[in-house]
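Trainee: Need coordinates for the below:
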Amino acid sequence: MSEDLRKYFTTGEFAKLCHVKKQTLFHYDEIGLLSPEIKKENGYRYYSYNQFELFQVINLFKEVGVPLKEIKFLLKGKTPGRIVPLLKEKSAEIEEKIKKLEHLQKIIQTKVALTEQALETDFSSVSFQYLNEETFMISRNTLHLPERKYIAAISELIHDVESHELDEGYPVGGIFAREQILKKDFYNYSHFYIKVKKGIDHINVHVRPKDLYAVGYQKGEEVEDAYSRMIHFIEKNGMQIGEYAYEEYMLDEVMVDGFENQITKILIQVKEM
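Mentor: The predicted model follows:
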């Protein structure tokens, strides 16, 4: 190798220096983005020290999502006036991606926390618990709706929560009025709901009051057995059913296979006789 060529890198050396495959450099050469400074008749190709810095510029633009064709255009006559607006635009896009990823992270953390709580729960138990106030976004009234419209109401609720950027990973729940429980009408929710942040300004909001609740669990379709067990517990302790009951999944289709393995948490508002 001549003394002059010692100042250059072969394709393999330059690829190793840039932490890319040689095929990447071949592609960049093919599209006219970054070509070897020297091309010998025998096929040998050499890159200069200066081209390493140019590769870093290309890599930066590529990392922030600028297409290769656009990078090729940007490299011709770079000026702060052209580059700064582009980087500001990409910075805004990155901020939006971070926001979406943080939102997705919150959803995942909520589902993991609910599942870990479920795994520590005795699903055969019934207990009284004082629960804090919770804010729910609720669906339109679904009392006595046919199943097809039930599903449509759930879909509308999920869309409403997502469009207001209020989804934090909580499951869809259902609200029963006291009358439905007394009639043993356990498949006729008055509304569906999703837990959301407090202080939202939205017409379809229900606040579950801070109160005493009987808390029990239903596995699969064993709804009548679950409510019978809970009502017996309530009456045995000298209490009666309050205004509302709430149902929400603890283990849903995300976590278990088959409806028969899903676990529903039931919260019945109670009051003294």
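Trainee: and the longest helix seen in the chain, which residues are buried?
Mentor: Among all segments of the chain classified by DSSP state H, the helix with the greatest residue count is helix 80-119. Within helix 80-119, the residues that qualify as buried by neighbour count (16 or more other CB atoms under 10 Å) are 90, 110-111, 114-115, 118. Glycine gets a C-beta too; all of them are placed from N, C-alpha and C.
Trainee: Ok, stretch 261-273 next?
Mentor: By neighbour count, with 16+ other CB under 10 Å as the criterion, the buried positions of stretch 261-273 are 262-270.
Trainee: same question, stretch 162-169
Mentor: Of the residues in stretch 162-169, those buried under the neighbour-count criterion (16+ other CB under 10 Å) are 166-169.
Trainee: So which of those residues is the closest to residue 151?
Mentor: When the buried residues of stretch 162-169 are compared for distance to residue 151 (CB to CB), residue 167 wins out at 18.5 Å.
Trainee: ok, and residue 215, which helix or strand is that part of?
Mentor: Residue 215 is located in strand 211-219, with elements delineated by DSSP states H and E.
Trainee: Direction-wise, compare that strand with helix 80-119 and give the angle.
Mentor: Here strand 211-219 runs at 80 degrees with respect to helix 80-119, directions being taken by axes from the mean of the first three to the mean of the last three CA atoms, to 10 degrees.
Trainee: Mind checking what helix or strand follows strand 211-219 in sequence?
Mentor: As assigned by DSSP H and E, the chain's next helix or strand after strand 211-219 is helix 223-236.
Trainee: So which elements touch that next one?
Mentor: For helix 223-236, the elements it packs on are strand 211-219, strand 239-251, strand 263-272, judged by 3 or more CB pairs under 8 Å, 6 or more residues apart in numbering; DSSP states H and E.
Trainee: closest one to residue 30 among these?
Mentor: Counting by CB to CB, and looking across all of those, nearest comes strand 239-251 at 53.2 Å.
Trainee: before we move on, back to that, name the residues of the strand holding residue 215 that come out as buried.
Mentor: Residues of strand 211-219 classed as buried: 211, 213-219 (neighbour count, 16+ other CB under 10 Å).
Trainee: Turn the buried residues of stretch 162-169 into TSV, columns for distance to residue 20 and secondary structure.
Mentor: Compiled in TSV, these are given as follows (distance: CB to CB, whole Å; DSSP: H, G, I helix; E, B strand; the rest coil):
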residue	distance to residue 20	secondary structure
166	43	coil
167	39	coil
168	40	coil
169	38	coil
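Trainee: Out of the residues you listed, the closest to residue 19 would be?
Mentor: Relative to residue 19, and with distances defined as CB to CB, the nearest of those is residue 169, at 37.1 Å.
Trainee: quick one, phi/psi of that closest one?
Mentor: Note on residue 169: backbone dihedrals following degrees, to the nearest 10 are phi 100, psi 0.
Trainee: from memory it sits against residue 115, does it?
Mentor: No: contact criterion CB atoms under 8 Å: residue 169 and residue 115 do not qualify, at 10.7 Å.
Trainee: Low-confidence stretches in the stretch 151-273 of the chain?
Mentor: 198-203, 256 (pLDDT under 70).
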